[in-house]
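J.: pasting the structure only:
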Ligand SMILES: NC(=O)C1=CN([C@@H]2O[C@H](COP(=O)(O)OP(=O)(O)OC[C@H]3O[C@@H](n4cnc5c(N)ncnc54)[C@H](O)[C@@H]3O)[C@@H](O)[C@H]2O)C=CC1
Ligand SMILES: O=C(O)C(=O)CO
C-alpha cells in the first residue's frame, strides 16, 4: 500500500500526478479554520505533508503520529515548529535556490518603485492630473550610485548585491551573522555592524529569516538611525520590522519611504495605514510569484517529499540531524 500524504496547496496536474505515483494523496486546497478539523483527522494516518501557508505548530504535530516528512513550498519555514519535528525525527524540507533570483528581482522592483515613486505618479497620471511636464513635487530619488545596505547576505542577499553592484553601480554594505567572502570578492561588499548599515545606507534591504533573534530587529531605535532620505525595503518576513514603529517613522517623515512585500499579519488588512501612506509601496507577498518560479518551487517541494519518504536526502533539508 502506498503511504498517505496530505497536500494543502493546488498543484499543476503533472506535479500532482508525480506525487500520486508514490503516494495516496489526501488533498486540501489550503488550510482554513473551516477545514481544520478535517485536516487534523486526515493527519492521523499521514506520513507526509506538503503545501504552503498555515501554522504547523505543536498542536498540529500532536495529531500526526505517523508523520515522517514535511515539505514546504517555500524557502522560509518560520511557520513550522522545527524543534518539535526534530525531536520526533520528522524531516523538514524546503525550497531554497529555485526562487532566489526572482525574489532579488522583486527587491529591485521595490527599490525602484519607492525611490522613483512609480506607483504614486502612475496613479496621479491615470487620475487625469497630467496637464503638462511634471514639477519637483513629483520628483523622486536616484537609485544608481546610492549605497545599498543588505541585512542578511544569504542567497537572496547575494543575488541582490549582484544586481545593485553590477547593474546600478551601488556601493554594497551588509550585516549578517558572519562575513560572506563571496559578497566581498565579487561585489566589493563591505561587512559592517547593524548601526553602521543603518546610518550609511540609502536603501536598507531586509532579507532575513524570521527567528527569535530577528523578531522586531528593526524598531523605533533602528529607524531613528536611518537617514531621513533613506528607504526601508522588507522582503524577509513582516515581524522582522516593528510595523507600528515603521508607520510612525513614515508618518513623521523620519525616513523617505518603504517598500514592503511582507507584513506582521498577512493578508494586510485593507484599512492598514500602510495602504494610505503615499511613500509606501505595499505588495501582497509576491516575492517569488512568477509562473516559472512558483512552478519550480512546487516541483522542488514534490521531489523533496518523494526523496524524504522514499530515498536518501542530501539537499534542501532544514534539520539534517534527523536523517539516519
Ligand atoms: N517575500 C518573499 O516572497 C520571500 C521571502 N523570503 C524570505 O527571505 C529569507 C531569506 O531567504 P534566503 O536568502 O534564501 O535565506 P538564506 O538562509 O540564504 O539567507 C539568510 C541570511 O540571513 C542571515 N541571518 C540569519 N539570522 C541573522 C541575524 N540574527 N542577524 C544577521 N543575519 C542573520 C543568515 O546568516 C543568512 O546569511 C527567507 O528566510 C524568507 O523569510 C524568501 C523567499 C521569498
Ligand atoms: O519562499 C518563501 O519563504 C516565501 O516567502 C514565498 O516564496
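T.: Received the coordinates, thanks. Being a predicted model, the structure only gives us computed values, none of them experimental. Ligands and ions are numbered 1, 2, ... in the order given.

J.: could you use CA atoms for every contact and neighbour count after this?
T.: Noted.

J.: for the closest residue to ligand 2 within the stretch 151-300 of the chain, give me the pLDDT.
T.: Minimum separation of the stretch 151-300 of the chain from ligand 2 (Cα to the nearest ligand atom) falls at residue 288, amounting to 4.5 Å. Looking at residue 288, its pLDDT reads 98.

J.: look up how far residue 86 lies from it.
T.: Per Cα to Cα, to the nearest Å, residue 288 is found 27 Å from residue 86.

J.: in which helix or strand would I find residue 265?
T.: Taking DSSP states H and E as the definition, one finds residue 265 inside no helix or strand.

J.: pull the number of nearby residues for the closest residue to residue 251 other than its chain neighbours.
T.: Using Cα to Cα, 6 or more residues apart in numbering and skipping residues adjacent in sequence, the residue nearest residue 251 is residue 277, 7.6 Å away. Per other Cα atoms under 10 Å, the neighbour tally for residue 277 reads 15.

J.: okay, and residue 277 sits in which element?
T.: Going by DSSP H and E, residue 277 is not in any helix or strand.

J.: that one and residue 311, how far apart?
T.: Counting by Cα to Cα, the gap from residue 277 to residue 311 is 51 Å.

J.: residue 286 too?
T.: For residue 286 relative to residue 311 (Cα to Cα), the value is 32 Å.

J.: the more surrounded of these two?
T.: Higher neighbour count among residue 286 and residue 311: residue 286, with 13 against 10, using other Cα under 10 Å.

J.: pretty sure the more buried one sits against residue 261.
T.: Yes: taking contacts as Cα atoms under 8 Å, residue 286 lies within contact range of residue 261: 6.6 Å.

J.: element containing residue 108?
T.: For residue 108, the host element (DSSP H and E) is helix 100-115.

J.: and that helix, what other elements does it pack with?
T.: Packed against helix 100-115 by the contact rule (3 or more Cα pairs under 8 Å, 6 or more residues apart in numbering; DSSP states H and E) you find helix 155-162, strand 231-234, strand 257-260, strand 280-282.

J.: list the buried residues for that helix?
T.: 100-108, 110-115 (16 or more other Cα atoms under 10 Å).
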